[in-house]
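pasting the sequence and the predicted model now:
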Amino acid sequence: MRIRITPAASAAALAVAALVALSACSSGGPAEPTGVGSSASASAAPSGASPVAGAAAVPRPAHVVVVMEENHAYDEIIGSPDAPYLNALAAQGASFTASYAVAHPSEPNYLALFSGSTQGLTDDSCPHTFTGPSLGSELLGAGLGFAGFSESMPQTGFTGCISGDYARRHNPWVDFPDVPAADNRTFDAFPTDTAGYAKLPTVSFVVPNVQHDMHDGTVRQGDDWLRAHLSGYAAWARTHDSLLVVTWDEDDNGPANHIPTLVVGAGARPGRYGEPLDHYRLLRTLEASYGLPPLGVAAQRAPVTDIW
């Protein structure tokens, strides 16, 4: 991929520095927990910090759906005429202007958001199995629901690395044995009406295939797919105590790794928010919503509280 330096590069660098400072002030230690193959649990939280500190300031939605898109920088989406639906969502909810991925290439970012750690990966290799906890196992252990819905995956519980336009590297929950195979679902199982939306698990992840997540396909293809398949849920969420989160794994291999992140739905106040956000802080916010102990580097982040 090409290396890009945008006009906002210096502002991006300042926001990245703010994230680093936040991490250092919170932990006094490294950004990633030590140890590969398992993510640090709440016991790795900074000394004196409550694992669920800030949870009271974060709402507890009935449902959250997180959609992961691919390989586009903030200014390739926000304001782009090729992404009319995404820009409409940005206007309806909270749009983070200083949101950053944590690594290149794709796979470590998915793992960071799902487990609080890149698990030591620096590539898109497959397959992997990790024994530590994850957002999925946390939710299930608390008696809440989790499911991942992957477009073009051939069957529920599939563990293969590639099948047509499906790529396991974009599906982190399959790497964690304590997430049941039944919760590794095809996108065909995602509901299409209001009755179905009400039956969704507490937290769901949706991963379009590589044509529709903007990795191989275009921004317009991804935008059209999102409108066709998630606009019904987005409209329903606003009046049913639920949220839609749309984020990207990484930018287009630029040095800043500046990505869009949108939160739309009940209680999310529309506006542009310039505070630093990364995959770990997004995970921390989801965990705080449901009173879950923060995992790995998420313990070094404060949950987002000002968009509600």
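Looks like it arrived, so ask away.

what residue ranges in this protein score low on pLDDT?
Across the chain, the ranges flagged by pLDDT under 70 are 1-56.

residue nearest the middle of it, spatially speaking?
For the chain, the residue sitting closest to the mean C-alpha position, by Cα atoms, centre = their mean, is Leu113 at 5.2 Å.

who's the nearest residue to Leu139 once chain neighbours are set aside bridged to?
Setting aside the residues directly before and after it, Leu139 is nearest to Phe146 in space (Cβ to Cβ, 6 or more residues apart in numbering), at 4.3 Å. For every residue, glycine as well, the C-beta is placed using N, CA and C. For Phe146, the beta-bridge partners are Val203 (DSSP bridges).

what does Thr261 give?
Phe96, Thr247.

go on, the one 10 residues further on?
Note on Gly271: beta-bridge partners by DSSP bridges are Ala94.

ok, now which ones touch Ala189?
With contact taken as Cβ atoms under 8 Å, 6 or more residues apart in numbering, Ala189 is in contact with 147, 149, 156.

7 Å - rerun?
Phe149 (Cβ atoms under 7 Å, 6 or more residues apart in numbering).

distance check, it against Gly232.
Look at Ala189 and Gly232: by Cβ to Cβ, to the nearest Å, they are 15 Å apart.

same check, this time on Phe176
For Phe176, the distance to Gly232 - Cβ to Cβ - is 29 Å.

those two: which has the busier surroundings?
Phe176 (24 against 16; other Cβ atoms under 10 Å).

the stretch 1-150 of the chain: helices as residue ranges?
9-27, 74-77, 84-92, 106-115, 135-141 (DSSP state H, counting those that start in this stretch).

residues contacting Glu69?
213-214, 222, 246, 248.

same question, Arg220
Asp82.

is it in a helix, a strand, or coil?
helix (DSSP: H, G, I helix; E, B strand; the rest coil).

adding neighbour count and distance to Val102, write the contacts of Glu69 out as a markdown table.
Compiled in a markdown table, the contacts of Glu69 are given as follows (neighbours: other Cβ atoms under 10 Å; distance: Cβ to Cβ, whole Å):
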| residue | neighbour count | distance to Val102 |
| --- | --- | --- |
| Asp213 | 28 | 18 |
| Met214 | 27 | 19 |
| Gly222 | 25 | 21 |
| Val246 | 24 | 18 |
| Trp248 | 28 | 12 |
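
and the strands in the stretch 151-300 of the chain?
162-163, 166-167, 184-186, 203-207, 242-248, 258-265, 271-273, 277-278 (DSSP state E, counting those that start in this stretch).

turn these into TSV, including distance to Pro84.
Shown next, in TSV, are those (distance: least, Cβ to Cβ, whole Å):
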stretch	distance to Pro84
strand 162-163	31
strand 166-167	27
strand 184-186	28
strand 203-207	20
strand 242-248	14
strand 258-265	14
strand 271-273	18
strand 277-278	24
